[in-house]
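1. Just need the structure, nothing else, for what follows:
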Amino acid sequence: MIKFIKKYSFLIIFLAITTVVEFYFYPAEEEKYAYSDIKYLEENRFYIIIITQIVLLLIIFFSSIVRSFKERNIKEILNMIATFSILILFFYTSTKPLFIGLELFLNRQKNIEEVTEKYILAQKSNIDGHYYLNWLMKPESDEFLNNKIKINKTAYHKLKHRDTVEILFKKGWLGTKHSPQLIKIQSSD
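-> Here you go, the predicted model:
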């Protein structure tokens, strides 16, 4: 058992970290941001994430190749290269939440300014006793945003379809808006 743990210690640590990030850290960070801002981050940081992951994978790959030449024959090395190629395919999906979650966390550590934006409510929802503004429309552009912004029960019951709402965001250290708060409701009547 100890031999197994020593042999696969990196993999065990990697799986433990990605599990914690995927199920606890990332969802906790995601709650503090509008859905559209997270999607914007994922799309605009894609190349940075990929380059960072490729560098990490190359470091791991070359260090294991160097060790393998000392201990293994060519067939085992080719087998390891094939296995490593398959790992590359899964590495992006398993570490993307880590990179995005870290950026979201770092962004919230220092607030630069507060921004107020007006939206027209298109849809609200009640999921397991939690109340959200889901679909909002920017009045000046008629652009729909899929934002999952948490609100309280009183505000939820006051709001009607097509009401204008003002949302206060804090703009973080990395320039991404976070911690949306409903501050004003203007009735559409």
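2. my read is R162 is in a strand, agree?
-> No: assigned with DSSP: H, G, I helix; E, B strand; the rest coil, R162 falls outside any strand and is coil.
3. how close does it sit to T83?
-> If you measure R162 against T83 using CB to CB, to the nearest Å, the figure is 56 Å. (Glycine included, C-beta is placed from N, CA and C.)
4. try H161
-> From H161 to T83 the distance is 54 Å (CB to CB).
5. returning to what we had before: R162 and T83: which has the busier surroundings?
-> Of the pair R162 and T83, R162 is the one with more neighbours under other CB atoms under 10 Å, namely 12 against 9.
6. In space, what's closest to that one - neighbours in sequence excluded?
-> S188 (4.1 Å; CB to CB, 6 or more residues apart in numbering).
7. If you tally nearby residues, what's the number for the one you found?
-> 12.
8. That one contacts K158, doesn't it?
-> No: using CB atoms under 8 Å, S188 makes no contact with K158, being 11.9 Å away.
9. A122: what secondary structure?
-> strand.
10. next one: K150
-> Going by three-state DSSP: K150 is strand.
11. Name the nearest residue to it, ignoring sequence neighbours.
-> Nearest non-adjacent residue to K150, counting by CB to CB, 6+ apart: Y132, 5.9 Å away.
12. domains in the chain, as residue ranges please.
-> 2-108, 111-186 (automatic domain parsing).
13. Turn the ones you listed into a markdown table, columns for mean pLDDT.
-> Shown next, in a markdown table, are the domains of the chain (pLDDT from 0 to 100):
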| stretch | mean pLDDT |
| --- | --- |
| domain 2-108 | 78 |
| domain 111-186 | 87 |
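14. For F10, which non-adjacent residue is closest in space?
-> I60 (7.9 Å).
15. Give me the number of neighbouring residues for that neighbour.
-> I60: 15 neighbours (other CB under 10 Å).
16. Would you confirm that it belongs to a helix?
-> Yes: assessed by three-state DSSP, I60 belongs to a helix.
17. Tell me the spacing between it and F91.
-> 10 Å.
18. which residues does N111 contact?
-> Residues in contact with N111 (CB atoms under 8 Å, 6 or more residues apart in numbering) are K170, K171, G172, W173.
19. Bridged to it, which residues?
-> Note on N111: beta-bridge partners G172, judged by DSSP bridges.
20. Packing partners of the longest helix along the chain?
-> What stands out as the longest helix in the chain, according to DSSP state H, is helix 74-108. For helix 74-108, the contact count by 3 or more CB pairs under 8 Å, 6 or more residues apart in numbering; DSSP states H and E identifies helix 9-20, helix 26-30, helix 35-44, helix 46-71, strand 164-172, strand 177-186 as packing neighbours.
21. Let me know which of these is tucked in deepest.
-> Of all the helices and strands packed on helix 74-108, strand 164-172 carries the top mean neighbour count, a mean of 18, counting by mean count of other CB atoms under 10 Å.
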